[in-house]
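A.B. asks: The following block contains a protein sequence and its predicted model.
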2 protein chains.
Amino acid sequence: MTNFSFDLIKEDSRTNARVGVIHTPHGDIPTPVFAPVGTQATVKTLSPADLHDLGATLILANTYHLYLRPGADLIAEFGGLHNFMRWDKPILTDSGGFQVFSLEGLRKIDDDGVTFRSHLDGSKHRFTPEKVIEIQEKIGADIIMSFDECAPPHDYEYNKIALARTHRWAERGLAAHTRTDQALYGIVQGGVFPDLREKSAAFLASLDFPGYSIGGLSVGETKAEMHAMLEVVHPILPKNKPRYLMGVGSPEDMFECVARGVDQFDCVLPTRIARHGAVFTPHGRINLRKAQYAREHAPIDPTCTCYTCQNFSLAYLRHLIKAGEILGLHLATIHNIHFLLNIMRNIRESILNDTFVEYKAAFLGKWGQGARSKEQGARE
Amino acid sequence: MTNFSFDLIKEDSRTNARVGVIHTPHGDIPTPVFAPVGTQATVKTLSPADLHDLGATLILANTYHLYLRPGADLIAEFGGLHNFMRWDKPILTDSGGFQVFSLEGLRKIDDDGVTFRSHLDGSKHRFTPEKVIEIQEKIGADIIMSFDECAPPHDYEYNKIALARTHRWAERGLAAHTRTDQALYGIVQGGVFPDLREKSAAFLASLDFPGYSIGGLSVGETKAEMHAMLEVVHPILPKNKPRYLMGVGSPEDMFECVARGVDQFDCVLPTRIARHGAVFTPHGRINLRKAQYAREHAPIDPTCTCYTCQNFSLAYLRHLIKAGEILGLHLATIHNIHFLLNIMRNIRESILNDTFVEYKAAFLGKWGQGARSKEQGARE
């Protein structure tokens, strides 16, 4: 893999937390890292300049969505997604698997791939492991994913069959991949079943991918089950390769999963809840629509250094949201993305300083006290 | 008027175009000036930082909308609109008259004021000349407006009656106004009737307002009628006071109306058309949704220096708009506001250089060639 490598800088002595750097053709990604999600070639409501200001070092884009609109060939014509959307730092694309398998009633799976209908216009399409690599090569992200089958997490028989397919598809994807400036990750599946996860991690490790994803979590299992699966794969996955937990990224998840060896996260949570007027505070999530903020001079979080908190009162933000103004969604998004990126920067620092356990306890101690924070993750 | 004054710097020798500076407590406004509209305490999709970057020197906010939501008392609690929305440059508020009279079937006019129902919740309210001043004093803009009645432009009898009211209301507003850090403008009405406009300009001039608005245009009359009315009032209004043409601001209007002595404009056109995917080019308006832009590498206008044109292709902008992404509306708004502010900066420069007539001819010569540009103005 030209230009792609991972340096493991430090392992925490009391947890499985790790600090590293992923080197890519579009720059370095300090890990652990949270990647904001730019489903349709834009992180919702944010410009590339906003993302730079927020200090984002990696963003995710969705293969399924971009394949349908505007199309991978069009993006290739523009020299790839970096040029098309004008984001010059690293990009990761997912495999499209999660989205395609979510099209209940609109898709048919066989051992060779999946035939599905577009959620946009009902048109018929087919993804195979090779096709998904071809699309991702056209899109041109720095980190790309093998095609995988994302099964319901508690169905053992289904997971066994899906895992066999995912493993064959991983081999076929590796064989099909030609671009030397992209890192292709293998995806560990296996639902909530330790034996399947173990088998999957071991098999994929044998294929020597430059990085490993952990898929099929944040889709209906409990947090305890998710944590258990991370603990199962931790000793099996190669130490010197980055580990990416797909679709997970609530504040509490980031602490718990970093503690279990995860290096990379992505989640639509900060952008999605912002569009519903919800924002993160050190005490949990709050909703800006609440009447109690109508005359509140304080910002969302007086300790926060984001543009939103440095400038605007809760009363003004509430007014914008109530009045249906786009600026309200934009300012809420700025804050939520800053909140997660900032947590991740602090987590990294704390691991380097040997204070991760203390920082985690302090954060989670406060976090429980406030508004609801039960949502674990979400994908688009 | 403490802290408010107008310096007339230059008059064009071949037209009635003027260059000046309006001094306000929140800074200077070089004229002629175009004010983006921030109806609900935000210029749609833009942050104050965006407006600063665009070089906006004045924005408009709507008295009617802010009175209903979040309420003038709340804004006053926050030290006024500048603090509430965090815009530290000049603000102008309208009188609310246009919006209230537009509430057909929901309002009742008498000689003392207007009783109306909120478009938000049907609740009953009453505006009088004194009440409208009181609201605007609470909002705290640098430039505020007398309460006026905006009659259908072609109904002579109605305009005669409405004008008499507007004049009495102007006197009552002047008497009620107490804040010395705000400039209260009188509003010239009279529909498309030269005798009424003449009478109105002369009467208001006698009251010695620090500035004069020209209202009731861009509401259904032709461009020729609008131009004729500007020519009627031009010699009557005091030379050393700014003249504000309310609700007007298409590119062609700005040239034609500056040539007829107008110093200030506002219009929702750039923000509103952006929300429909339409943007200005030197050749006229184009719509980003058009299939012809699907693979277009060029920006909206290769000569434009705005963030949007410096970074993004028509193909990417089209993708964002087609995909319903807020960033598309934001980038289109950035471009449209920049386009108008930039025209106004160029107009000012050309008047100072004695090349306004040539610049106007060159701009309007190109402007006709492109897409439709018939829309004259719009208000919210």
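C.D. replies: Received, thanks.
A.B. asks: Buried ones in the helix or strand A:N346 falls within, by neighbour count?
C.D. replies: Element membership for A:N346 (DSSP states H and E) is helix A:326-352. Neighbour counts over helix A:326-352 (16 or more other Cβ atoms under 10 Å in any protein chain shown) mark A:326-345, A:347-348, A:350-351 as buried. (C-beta placed from N, C-alpha, C; glycine too.)
A.B. asks: That helix and chain B, are they touching?
C.D. replies: Yes - Helix A:326-352 is in contact with chain B by Cβ under 8 Å from any Cβ of the partner chain, via A:I326, A:L327, A:L329, A:H330, A:L331.
A.B. asks: okay if I get those residues as CSV plus pLDDT?
C.D. replies: Converted to CSV, the residues of helix A:326-352 next to chain B look like this (pLDDT from 0 to 100):
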residue, pLDDT
A:I326, 98
A:L327, 98
A:L329, 98
A:H330, 98
A:L331, 98
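A.B. asks: Show me which of the residues you listed is closest to B:K131.
C.D. replies: A:L327 (28.7 Å; Cβ to Cβ).
A.B. asks: Now do the contacts for that closest one.
C.D. replies: A:L320, B:T42, B:K44, B:T45, B:L46, B:S47 (Cβ atoms under 8 Å, 6 or more residues apart in numbering or on different chains).
A.B. asks: Next step: those restricted to helices.
C.D. replies: A:L320 (DSSP state H).
A.B. asks: Can you pick out the ones from the contacts of A:L327 that are in strands?
C.D. replies: Within these, no residue falls in strands by DSSP state E.
A.B. asks: Tally up the residues packed near the residue in the stretch 101-250 of chain A that chain B sits nearest to, please.
C.D. replies: Closest residue of the stretch 101-250 of chain A to chain B, Cβ to the nearest Cβ: A:L120 (9.4 Å). A total of 11 residues lie near A:L120 under the criterion other Cβ atoms under 10 Å in any protein chain shown.
A.B. asks: low-confidence ranges in chain A?
C.D. replies: A:1-2, A:369-380 (pLDDT under 70).
A.B. asks: do that again at 90, thanks
C.D. replies: A:1-3, A:97, A:104-105, A:218-220, A:368-380 (pLDDT under 90).
A.B. asks: which one in chain A is furthest away from the centre?
C.D. replies: The C-alpha centroid of chain A is most remote from A:R295, which lies 36.0 Å away (Cα atoms, centre = their mean).
A.B. asks: Measure how buried the nearest residue to that one once chain neighbours are set aside is and give me the count.
C.D. replies: Leaving aside its sequence neighbours, A:R295 sits nearest to A:A315 (Cβ to Cβ, 6 or more residues apart in numbering or on different chains; 5.7 Å). By other Cβ under 10 Å, the residues close to A:A315 number 21.
A.B. asks: From the chain's centroid, how far away is the helix or strand that A:A315 is a member of?
C.D. replies: Element membership for A:A315 (DSSP H and E) is helix A:314-322. Distance, stretch centre to chain centre, for helix A:314-322: 29 Å (Cα atoms, centre = their mean, to the nearest Å).
A.B. asks: Tell me which residues are up against it.
C.D. replies: Applying Cβ under 8 Å, 6+ apart, the set of residues contacting helix A:314-322 is A:277, A:288-290, A:293-300, A:308, A:327-329, A:331-332, B:40-42, B:69-70, B:74, B:78, B:84-86.
A.B. asks: where does chain A come near chain B, residue by residue?
C.D. replies: Residues of chain A lying near chain B by Cβ under 8 Å from any Cβ: A:40-42, A:44-49, A:69-70, A:74, A:77-78, A:84-86, A:294-295, A:297, A:307, A:311-313, A:315-316, A:318-320, A:322-323, A:325-327, A:329-331.
A.B. asks: PyMOL command to pick out the buried ones of these?
C.D. replies: Burial among the residues of chain A next to chain B is assessed by 16+ other Cβ under 10 Å; the matching PyMOL selection reads:
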select buried, chain A and resi 40+41+42+44+45+46+47+48+70+74+77+78+84+85+86+295+307+312+313+315+316+318+319+320+322+323+325+326+327+329+330+331
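A.B. asks: Please parse chain A into its domains.
C.D. replies: A:5-267, A:274-367 (automatic domain parsing).
A.B. asks: measure the shortest one end to end?
C.D. replies: By Cα to Cα, to the nearest Å, the extent of domain A:274-367 from end to end equals 18 Å.
A.B. asks: And the first one, by the same measure?
C.D. replies: Counting by Cα to Cα, you get 24 Å between the two ends of domain A:5-267.
A.B. asks: on that earlier part again, which helix or strand lies directly C-terminal to the helix holding A:N346?
C.D. replies: Following helix A:326-352 toward the C-terminus (DSSP H and E): helix A:356-367.
A.B. asks: Give me the distance from that next one to the chain's centre.
C.D. replies: The mean C-alpha position of helix A:356-367 is separated from the chain mean by 22 Å, Cα atoms, centre = their mean.
A.B. asks: just stretch A:246-261 next, same as before
C.D. replies: So, by Cα atoms, centre = their mean, the centroid of stretch A:246-261 is 10 Å from its chain's centroid.
A.B. asks: Return the set of buried residues in it.
C.D. replies: Quick answer for stretch A:246-261 (16+ other Cβ under 10 Å): A:246-261.
A.B. asks: ok, now stretch A:235-246?
C.D. replies: Neighbour count says stretch A:235-246 has A:I236, A:L237, A:P238, A:K241, A:P242, A:R243, A:Y244, A:L245, A:M246 buried, by 16+ other Cβ under 10 Å.
A.B. asks: quick one: the residue nearest the centre of chain A and A:Y158, what's the gap?
C.D. replies: Nearest to the mean C-alpha position of chain A, by Cα atoms, centre = their mean, lies A:D266 at 1.5 Å. Per Cβ to Cβ, to the nearest Å, A:D266 is found 25 Å from A:Y158.
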